[in-house]
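Engineer: Build me a model from this:
(2 chains)
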Number of protein chains: 2
Amino acid sequence: MILGAAGMIGRKLAARIAADGTVAGRPVSALHLADVTTPPVPAGLPGRVTAEAVDLASADAAARLLAGRPDLILHLAAVVSGEAETDFDKGYAVNLDGTRALLEAVSVAGDWRPRLVFASSLAVFGPPFPARIPDDFAPQPATSYGTQKLICELLINDYTRRGLIDGLSLRLPTICIRPGAPNRAASGFFSAILREPLAGLPADLPVPESTRHYFASPRSAVGFFLHAAALDTAGLDHRRALVMPGLSATVEEQIEALRAAAGDAAVARIRRSEDPLVARIVAGWGADYEASRARSLGFTAETAMDQIVAAHVEDELGGRIA
Amino acid sequence: MILGAAGMIGRKLAARIAADGTVAGRPVSALHLADVTTPPVPAGLPGRVTAEAVDLASADAAARLLAGRPDLILHLAAVVSGEAETDFDKGYAVNLDGTRALLEAVSVAGDWRPRLVFASSLAVFGPPFPARIPDDFAPQPATSYGTQKLICELLINDYTRRGLIDGLSLRLPTICIRPGAPNRAASGFFSAILREPLAGLPADLPVPESTRHYFASPRSAVGFFLHAAALDTAGLDHRRALVMPGLSATVEEQIEALRAAAGDAAVARIRRSEDPLVARIVAGWGADYEASRARSLGFTAETAMDQIVAAHVEDELGGRIA
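Structural biologist: This next block holds a predicted model:
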């Protein structure tokens, strides 16, 4: 089952699982996709895919969704950061209560202990940050979204400790290059300054080129979930929240990777357009994470910005640069 | 308002507030006491005390309780650690949902932003521990109770950040000497080996004398809540969970304080009775905390075991040792 299967990573995960026909080395007998809008049905698993629109925050939605007792639940359903901040009640209803309803629906079953992989976020952390953030840095969320994600992690740890589920929470880096149209998220420019010039379009850069941030490609994000689905958790204790590996890079390094892939003409499409508000928001985010525990468990991500650009060109542009 | 006003600290808080007639330098115009059983009405505030039995986990209880819009909410209502572990649903219903209902009841009011002082616990932390635990040690609860307390702290931080309440969470040390009859809590012996001999009764010691733990007296606990009620929070950010100061001491130091107060005859009433299960549970608890932030904010506790013994003799025994 994939919850949040209409989102960017959810769709890629569904497509990958349908194409592989297996997860964690086992054939996929059924794939259940759900989101607030009906998710697209990927090719490759004829007759074995169910796609439906469900509001996880509505009464009994979780119990009904889970009636088929999937072995694996990939839970990416969430109200995003900005909306959780502007709509306080909706953020808690979906991001906290929705997840808790899922956990409750599993735990009442008694004889069913699925693997649950939860899309958490580095927003569980808040400033002030050291230059490189260790795995045991104390989470102090600075947003309602980060608070909700951290609470879900704690619930998943406790339900796992009690033997009710087999949970893992993946604290995801900023996904770059995010495909699709520019959005108004404060982090959107990190993708836009690469994606738009690669497509022959202009993009605004609102922060200094020295700005450092922490990235992984959509391809890596899909890999995180599939690796978590297959992970042997027998040797782990109940502390199941993992900082995912990523690439710490500056905007300057992003620009040089763009130049290497698409030349000076592409770089010239980036317009300096300082935005102190965006710069201030970004300054409140961590720039680098050790991710030692996840790396030791075999999670991997890109190690150079060139690889992140190449993944986008291959996966989204069919190898063609404008 | 005091929630959990029938509990040991709740009763002492109510008695102290009634005797003082003031809190945070302001006269008490009304004192509302609530618990699952009707709390005792303290002397000293005739006509201004309401005491009622309410189950915080029941529907609309929080909204009804808070209809009088108290300026100060001292929230000590909780299912205790052992019961939260054996009754999973009840622990979450009271310790998490009950607190959240309180926060919601306050936040819908809009033009009312009370000080809320929450009784949290050092159970938000889990092993492995350093010898002396700093304030920024990452919380990793090892029990459902600790999970619930940490989630409430996070909610209180977020509601405070949004300007909906003015919250403070006090992570309390083990209270020693806890008055009353011996109980079956794993930590109970830390009080019993002092309290029972001081009353002329025998007590069992289930751990080695080298065992170190972190204590504050009931008198200090009352002081923590009253100091938090009066604290100027204008200079604080939204990180409102504070490790309370305490005394780190070994069982041997406890025994020597008993000897100094009541002589060898009292010490002879302690019976060595090793209990590997209790020893193992206690080994999973932190032995010392820096509490730097709380100390810098003016919170104080005992600095020697003699003071903890003296507080009990004065407050519980009328100065008389058996």
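Engineer: For stretch A:195-208, could you pull out the residues that count as buried?
Structural biologist: Buried residues in stretch A:195-208, counted by 16 or more other C-beta atoms under 10 Å in any protein chain shown: A:195-199, A:203-207. (C-beta placed from N, C-alpha, C; glycine too.)
Engineer: Contact partners for the nearest residue to A:Pro127 once chain neighbours are set aside?
Structural biologist: Leaving aside its chain neighbours, A:Pro127 sits nearest to A:Gly284 (5.0 Å; criterion: C-beta to C-beta, 6 or more residues apart in numbering or on different chains). Each residue near A:Gly284 by C-beta atoms under 8 Å, 6 or more residues apart in numbering or on different chains is listed here: A:126-127, A:142.
Engineer: how much space between A:Gly284 and chain B?
Structural biologist: Here A:Gly284 is placed at a distance of 12 Å from chain B (C-beta to the nearest C-beta, to the nearest Å).
Engineer: Kindly state the beta-bridge partners for the residue positioned nearest the centre of chain A.
Structural biologist: What sits nearest the mean C-alpha location of chain A, by C-alpha atoms, centre = their mean, is A:Leu172, with 4.9 Å. Going by DSSP bridges, A:Leu172 is paired in beta bridges with A:Ser121.
Engineer: show me the contacts for A:Ser248.
Structural biologist: Applying C-beta under 8 Å, 6+ apart, we find A:Ser248 in contact with A:132, A:212-215, A:287-289.
Engineer: Sort out for me which of these are in helices.
Structural biologist: Using DSSP state H, no member of those falls in helices.
Engineer: ok, which of those residues also contact chain B?
Structural biologist: When those are checked against chain B using C-beta under 8 Å from any C-beta of the partner chain, none falls in range.
Engineer: Show the buried residues in these.
Structural biologist: Looks like those have A:212-215, A:287-289 buried, using 16+ other C-beta under 10 Å.
Engineer: Looking at the residues you listed, which is nearest A:Val313?
Structural biologist: A:Phe215 (15.7 Å; C-beta to C-beta).
Engineer: residues contacting that closest one?
Structural biologist: Contacts for A:Phe215 were tallied using C-beta under 8 Å, 6+ apart; they are A:173-176, A:190, A:246-249, A:302, A:305, A:308.
Engineer: outside of stretch A:297-308, which residues touch it?
Structural biologist: So stretch A:297-308 is in contact with A:173, A:176-177, A:194, A:215-217, A:220, A:223-224, A:227-228, A:231, A:242, A:244-247, A:249, A:253-254, A:256-257, A:260-261, A:291, A:311, going by C-beta under 8 Å, 6+ apart.
Engineer: thought A:Tyr145 was touching A:Val124?
Structural biologist: No. With contacts counted by C-beta atoms under 8 Å, A:Tyr145 stays clear of A:Val124, the gap being 9.4 Å.
Engineer: Have a look at those two and say which one is more surrounded.
Structural biologist: A:Val124 (28 against 23; other C-beta atoms under 10 Å in any protein chain shown).
Engineer: Phi first, then psi, for that one.
Structural biologist: A:Val124 adopts backbone torsions of phi -70, psi -20, taken as degrees, to the nearest 10.
Engineer: three-state assignment of A:Asn315?
Structural biologist: For residue A:315 the amino acid is Asp, not Asn. helix (DSSP: H, G, I helix; E, B strand; the rest coil).
Engineer: what's the closest non-adjacent residue to it?
Structural biologist: A:Arg219 (6.0 Å).
Engineer: What of A:Glu274?
Structural biologist: A:Pro206 (6.1 Å).
Engineer: A:Ala138 too?
Structural biologist: In space, A:Ala138 is closest to B:Ala138, 4.1 Å off (C-beta to C-beta, 6+ apart).
Engineer: Now do A:Leu102 against A:Val108, distance only.
Structural biologist: Distance, A:Leu102 to A:Val108, using C-beta to C-beta, to the nearest Å: 11 Å.
Engineer: Buried subset of the contacts of stretch A:297-308 as a ChimeraX selection?
Structural biologist: To isolate the buried members of the contacts of stretch A:297-308 in ChimeraX, using 16+ other C-beta under 10 Å:
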select /A:173,176,177,194,215,216,217,220,223,224,227,228,231,242,244,245,246,247,249,253,254,256,257,261,291,311
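Engineer: ok so, going back, with pLDDT and secondary structure added, can I get the contacts of A:Phe215 in JSON lines?
Structural biologist: Output for the contacts of A:Phe215, formatted as JSON lines (pLDDT from 0 to 100; DSSP: H, G, I helix; E, B strand; the rest coil):
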{"residue": "A:Pro173", "pLDDT": "97", "secondary structure": "coil"}
{"residue": "A:Thr174", "pLDDT": "96", "secondary structure": "strand"}
{"residue": "A:Ile175", "pLDDT": "96", "secondary structure": "strand"}
{"residue": "A:Cys176", "pLDDT": "97", "secondary structure": "coil"}
{"residue": "A:Phe190", "pLDDT": "97", "secondary structure": "helix"}
{"residue": "A:Gly246", "pLDDT": "98", "secondary structure": "coil"}
{"residue": "A:Leu247", "pLDDT": "98", "secondary structure": "strand"}
{"residue": "A:Ser248", "pLDDT": "98", "secondary structure": "strand"}
{"residue": "A:Ala249", "pLDDT": "98", "secondary structure": "strand"}
{"residue": "A:Glu302", "pLDDT": "98", "secondary structure": "coil"}
{"residue": "A:Met305", "pLDDT": "98", "secondary structure": "helix"}
{"residue": "A:Ile308", "pLDDT": "98", "secondary structure": "helix"}
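Engineer: ok, those residues vs A:Ala265, which is closest?
Structural biologist: Closest to A:Ala265, out of all of the contacts of A:Phe215 and judged by C-beta to C-beta, is A:Met305, at 18.7 Å.
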